[in-house]
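Enquirer: no sequence on this one, just coordinates:
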């Protein structure tokens, strides 16, 4: 049973554009929602995270939007740059266990 | 502050052998979690240790085990290796687990031949 569904699987965005990745979850016990960025050959790096009592969090070019009633959250990357090309994972924490989405491969074309 | 350190970075083992992977968490972090990453299944939770006690365990066979030492360093062991165990094994550390920030190491790439 996939508890966190992530879409799209892959995404191509022009430099300077907005990248949007969406996730949906089922378990209402989840209490923390981080996003990770992973480059080939590297471990996932924590990008930004949100707790369910907040509807939006912004850090630099990265914004998480959170809709508790719909059980959905999304990552927006503003002014996308070629250096942002990586795989992005959403995750949800429940009882000290992170459940990950399947990942989105983002390619930002110059 | 040093990050999460995993050793070794790469391993090649033969079916039936056993392997031990090591993880040194960020200084001061007491929670260590292990994940398996494969192209087909993505990132899957193996287990979490806090203060030398296993708090949570994922849906993996008993061939996968782990432990944590008093200095918070952790090891995971896989016995009777199968071809399907080939994966990137990732360790994440956090101050107390739960809904706190978790930081990953670079992983150990295990290849079973």
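Expert: Nice, thanks for sending it over. Note that the structure is predicted; figures quoted are calculated from it, not measured.
Enquirer: so what's the residue nearest to the spatial centre of chain B up against?
Expert: Relative to the mean C-alpha position of chain B, the nearest C-alpha, by C-alpha atoms, centre = their mean, is the one of residue B:34, at 3.3 Å. By C-beta atoms under 8 Å, 6 or more residues apart in numbering or on different chains, the contact list for residue B:34 reads B:23, B:45, B:46, B:47, B:48, B:66, B:74, B:76, B:89, B:90, B:91, B:92. (Glycine included, C-beta is placed from N, CA and C.)
Enquirer: you'd agree the fifth one is up against residue B:94?
Expert: By that I understand residue B:48. No: in this structure, residue B:48 is not within contact of residue B:94 by C-beta atoms under 8 Å, at 9.3 Å.
Enquirer: what's in contact with the helix or strand residue A:87 falls within?
Expert: Taking DSSP states H and E as the criterion, residue A:87 maps to strand A:86-94. Strand A:86-94 is contacted from outside by A:3-4, A:6, A:21, A:23, A:25, A:27, A:29-39, A:44, A:47, A:73, A:75, A:98-101, A:103-106, B:42-43, B:98-99, using C-beta under 8 Å, 6+ apart.
Enquirer: which secondary structure elements does the helix or strand following that strand contact?
Expert: Next helix or strand after strand A:86-94 toward the C-terminus (DSSP H and E): strand A:97-100. With contacts taken as 3 or more C-beta pairs under 8 Å, 6 or more residues apart in numbering or on different chains; DSSP states H and E, strand A:97-100 sits against strand A:86-94, strand B:31-38, strand B:42-50.
Enquirer: of all those strands, which lies closest to residue A:54?
Expert: strand A:86-94 (14.7 Å; C-beta to C-beta).
Enquirer: if I look at residue A:60, how far off is chain B?
Expert: The gap separating residue A:60 from chain B is 17 Å, by C-beta to the nearest C-beta, to the nearest Å.
Enquirer: that older thread, let's have the helices and strands packed on strand A:97-100 in TSV, adding mean pLDDT and distance to residue A:64.
Expert: Listed next are the helices and strands packed on strand A:97-100 as TSV, based on pLDDT from 0 to 100; distance: least, C-beta to C-beta, whole Å:
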stretch	mean pLDDT	distance to residue A:64
strand A:86-94	96	9
strand B:31-38	96	21
strand B:42-50	95	19
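Enquirer: same list (those) but as CSV, adding distance to residue B:61.
Expert: Putting the helices and strands packed on strand A:97-100 into CSV (distance: least, C-beta to C-beta, whole Å) gives the following:
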stretch, distance to residue B:61
strand A:86-94, 22
strand B:31-38, 12
strand B:42-50, 11
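Enquirer: out of those, which gets nearest to residue A:57?
Expert: Of all these, strand A:86-94 comes closest under C-beta to C-beta, at 13.5 Å.
Enquirer: which parts of the chain are strands?
Expert: This is for chain A. A:4-7, A:10-14, A:19-25, A:33-38, A:45-50, A:56-59, A:62-67, A:72-77, A:86-94, A:97-100, A:104-109 (DSSP state E).
Enquirer: ah, I was thinking of chain B
Expert: B:5-7, B:10-13, B:19-24, B:31-38, B:42-50, B:53-57, B:64-68, B:74-78, B:87-94, B:103-104, B:108-112.
Enquirer: between the fifth one and strand B:31-38, how many degrees?
Expert: When you say that, I think you mean strand B:42-50. Angle, strand B:42-50 to strand B:31-38, by axes from the mean of the first three to the mean of the last three C-alpha atoms, to 10 degrees: 160 degrees.
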